[in-house]
Structure formats: C-alpha cells, structure tokens
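[1] Let's see this in three dimensions:
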Amino acid sequence: MKKLPLGLFAASRVIASGQLSPHAYMQQCIDLADQLEPSLHAFVARTPSQQLLDGIGDGPWAGIPVGVKDLIATCELGTTYGSAIYTDQVLDYDAAVVARVRQLGGAVFGKTVSTEFAWRHPGPTVNPVNSRHTPGGSSSGSAAAVAAGILPLGLGTQTVGSVIRPAAFCGIVGLKASFGAVPRAGAFPVSDALDHMGFLARSVNDVAYAFNLLRNLTPTEPDSIAVPQVPMDAQSGLEPLASPRLAYVQTPFDERITTDQHQAMQSTIAALRAQGAVVEAFALPDEYWTGVDAMFCLLEAEGGAVHREHVARFPDRLSVHIKELVAQGAARSAFEYLAARNLQIRLRADATAQLKGFDAFLTVPATGGAPEGLASTGDPVFCALWSFLGLPALNIPIGHAANGLPLGLQLVAAYRQDAHLLRTGRWIEIALGH
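    Residues are numbered from 1 along each chain as shown. Here you go, the predicted model:
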C-alpha cells in the first residue's frame, strides 16, 4: 500500500523542523487528490493547485491543506450549503474558523461535500474504504478526504451526528467539541441550540492540536465558551490519562447495534481492561432518553424557521427532507420548544454529576459499519443525546466489520472537559496499539 501524506500533528512538526518542505507536502496532497477525487467525489470545489503552491507562507500550519465543509463560509471558493439554491454563491468573507486557519498559515484546499443544508439529502461522496457504501454525513466530504489521506484535517459541523458518525464510517478520528467551544460564526445554521463545530483527522493528537489552535480564545458569540488549552508536548503530543475509568452506557436503542459492532466493542473493552482501564456497565436515568425526542423538537422548530422562506421561494430546488423539516417545525408549539430547552440546560449540568467517578462515557458511535448505498448517510441515534447535551465527543477507530468497513467507539466527557476527553482518548489509542 502506498504511504499516505503525514497527519496534521506529524506534518506540522516535520515541516517546522525543516525535514520536509511545505511545498513538497502540499504537492503530495495535491497529487493524491488528483488521483482519487474523480471516483471519491469529496469536493464541491478545489483551490487551483498552483495557487496553493504559490500561496504558501509562514506560520505553524504553512503547507497544511484543510478541507472546509461546504456549510462554512469561504471568500475564495463558492459556498453552496449543499443546495441547488446557492450553486453560484461566492461570499466575500471567511467564517471565523477559516480565518483562523489562514492566520496560522494553513490553506483552504477545497470545499468538501455536505448533505443539503447539512440535513439528510446526500451528496455524491463515496466511502473511501468501499465506494458502494456511504461515508456518512453531513460532513461527508471532509471525512472521506481525510480517510483517503488527501487532507490532514477536515472541518465539519454536527447538529445530531454529522462529525462522529462519518468519522466512524470512514475509520478516522472525529472530535465534536463542547457546545460553543469553537466559533460557529460563518457556518450556515441548522439549529442554533444544537450546532457544533468539529474536526476530522487521523489521530487523537491531530484533533487535539486542531482544537488548541482553532478553539475560542474569547467568547464573543451567543452561547460561546472558552475552554482551556489541551496540554500537548511539541514532540509527543498529548499526555495520556493514566488507567481511565469508563462508564459503558446502556441505551434504549441497543437492539439496533449490529453483531459486528457489538463484538468489536466487547473485544475493545477486554483489551482496555487488560491494559488497566476500569470499564463498568452504566445506565443513565430514564429522563435522559427523553432528551432524544426533545432534541428533534429543537431541531425541527429552529430548522423549520431557518428554511421557511426557502420552501416558500424555491420549492422546486429543495429535497423532500427540507420541506418535511419545515412542516414538522410548524407543528411544534412554543410550550414544547421551551420545555425542550429547559430539559437541555438541566441535563447538561446534571451530566457532570452522572459522570462522578468516571472519566468518560463509552458508547458506540453508530449502529455498525457504513450502510450500503448513497441514499442515506446512516442512523445518528447514538450521537443524538450527546449533541442535545452539548457534551464533547470523540470517535476512535477500533476495527472492521466482516465486510471490511471501519467500526469505532465513542467517548463522551462532561461539558467543558474537552482536554480530559482527549487525554482519555489518547490513552485508549495507545492501549489499542494505534
């Protein structure tokens, strides 16, 4: 197998040391994209290759190409939101997180495919492991491009499961930071109460490094927070947590888990215990699982309001999914919406108490491997509660199903405990021999 370009943390370190030129690294990524993109379909648009090479400047991310989900504004490339309505839209500003990438010396390699307005209707991207299967969504293109080795980092968003699930399906690491911890300004909204920014990369060190440099330093947006930097050594990266205690969450949806996914989790738990972790079965109070229904109330009400004018003006350019979202949102009452918001706030705070004595919740990121076909991006139910609560979540690859498709595990920590989550994830990555 041909060796892929280095991941984010390693590439930045090697380029900074002078052992690899930023131009050479960028050229590796361009060459791989040229080879794979005709069948992968990860990009809506790409920055011209010569422009990428000529534009390399200074900074810790000099020569680092970044994929930007098409839901996120960029001033040099079109921003279509995955919608036929905005096919020709070119904005004159960058989203806050994209502006920060450029300040670090990174380059916007291209706009990566999103489902339509990040809601259900898929784009053309295929799973790089098996092109007959979905890469997941809605951060489809970012996940596929990173998994294929084209990019060391892809920017994504998650409202329900749009970072964690595609990371699991494509066999890479995905981080959904705490709600409000990474600036959202310039990303088209799905639901203001639920939208998160996230990162897709090839290791826990990679997503931790991206989080450190792209997180909020000063909270200036509604609902934004500033969380501490994750301690990282310049050479070795994260210091792993010692022998973590994990709460293996039992859910009302466990019957949906495939045999392959169940067996992979049991094997992984045995391996973690053998390395010194404590893993205990854990049941949340029943009230927590009403949060999944409450999440859909928030999403339908807020998403319906976002797209009401789209449905009125452009009904022939929208999928049935957006039309249904607007109809469902219109049927929600103010009483339902406020009850859902109150439950969200209360359970987010209570989750810290539920985790007392544990470092993280452990659960599956998806029902199993990526489903066959591109008509659906898969079931997000195992991500829904954590998105509703706004807790930081991490996918780590753990193996493959019988058909060769990747499988992952999901770690979830308390609100604002992103550093603790990442240190726990790094311990697991090392324990599993990654």
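[2] neighbours of residue 193, just the number please.
    Using other C-beta atoms under 10 Å, the number of residues around residue 193 comes to 22. Quick note: C-beta positions are derived from backbone N, CA and C, even for glycine.
[3] these two touch, right, it and residue 300?
    No - in this structure, residue 193 is not within contact of residue 300 by C-beta atoms under 8 Å, at 11.4 Å.
[4] Just the helices from the stretch 201-350 of the chain, written as ranges.
    Secondary structure of the stretch 201-350 of the chain (DSSP state H, counting those that start in this stretch): helices at 204-214, 259-274, 286-313, 320-330, 334-354.
[5] which parts of the longest one are buried?
    This means helix 286-313. Counting neighbours by 16 or more other C-beta atoms under 10 Å, one finds that the buried residues in helix 286-313 are 288, 290-292, 294-307, 310-311.
[6] how does the protein divide up, domain by domain?
    For the chain, automatic domain parsing gives the domain ranges 8-238, 245-431.
[7] just how off-centre is the last one within its chain?
    Put plainly, it is domain 245-431. Its chain's C-alpha centre and that of domain 245-431 lie 12 Å apart, by C-alpha atoms, centre = their mean, to the nearest Å.
[8] go on, stretch 152-172?
    With C-alpha atoms, centre = their mean as the basis, stretch 152-172 stands 3 Å off its chain's centre.
[9] Number of residues surrounding residue 275?
    Counted with other C-beta under 10 Å, residues neighbouring residue 275 total 14.
[10] thought it was touching residue 431?
    Yes - applying C-beta under 8 Å as the test, residue 275 and residue 431 come out as touching, 4.1 Å apart.
[11] Now do stretch 130-137: distance from first to last residue.
    Stretch 130-137 has an end-to-end distance of 16 Å (C-alpha to C-alpha, to the nearest Å).
[12] For residue 424, give me its contacts.
    By C-beta atoms under 8 Å, 6 or more residues apart in numbering, the residues touching residue 424 are 240, 241, 244, 246, 359, 360, 411, 413.
[13] residue ranges with poor pLDDT in this structure?
    1-2 (pLDDT under 70).
[14] How about the contacts made by residue 302?
    By C-beta under 8 Å, 6+ apart, the contact list for residue 302 reads 189, 190, 191, 192, 193, 194, 329.
[15] Whichever of those residues end up buried, select them in PyMOL.
    Here is the PyMOL command that picks out the buried ones among the contacts of residue 302, judged by 16+ other C-beta under 10 Å:
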select buried, resi 189+190+191+193+194+329
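[16] Let's have the contacts of residue 302 in CSV, adding secondary structure.
    Below are the contacts of residue 302 laid out as CSV (DSSP: H, G, I helix; E, B strand; the rest coil):
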residue, secondary structure
189, coil
190, coil
191, coil
192, coil
193, coil
194, coil
329, helix
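[17] List just the nearest of the contacts of residue 302 to residue 136.
    Nearest to residue 136 among the contacts of residue 302 is residue 190, at 16.0 Å by C-beta to C-beta.
[18] The closest one against residue 304, yeah?
    No - using C-beta under 8 Å, residue 190 makes no contact with residue 304, being 10.8 Å away.
[19] What number of residues are in the vicinity of residue 224?
    Close neighbours of residue 224, defined as other C-beta under 10 Å, add up to 17.
[20] what's the spacing between the closest residue to it other than its chain neighbours and residue 219?
    Once flanking residues are discounted, residue 224 sits nearest to residue 180: 4.5 Å by C-beta to C-beta, 6 or more residues apart in numbering. Counting by C-beta to C-beta, to the nearest Å, the gap from residue 180 to residue 219 is 7 Å.
[21] Overlap in contacts, those two.
    Common contact partners of residue 180 and residue 219 (C-beta under 8 Å, 6+ apart): residue 225.
[22] Compare those two and say which one has the larger neighbour count.
    Higher neighbour count among residue 180 and residue 219: residue 180, with 22 against 14, using other C-beta under 10 Å.
[23] Enumerate every residue touching residue 235.
    residue 13.
[24] typo on my end, residue 221
    So residue 221 contacts 180, 183, 184, 185 (C-beta under 8 Å, 6+ apart).
[25] From residue 408, how far off is the spatially most central residue of the chain?
    When C-alpha atoms, centre = their mean is applied to the chain, the residue found nearest the centroid is residue 163 (2.3 Å). Counting by C-beta to C-beta, the separation of residue 163 from residue 408 is 12 Å.
[26] Could you name every residue contacting both of those two?
    residue 395.
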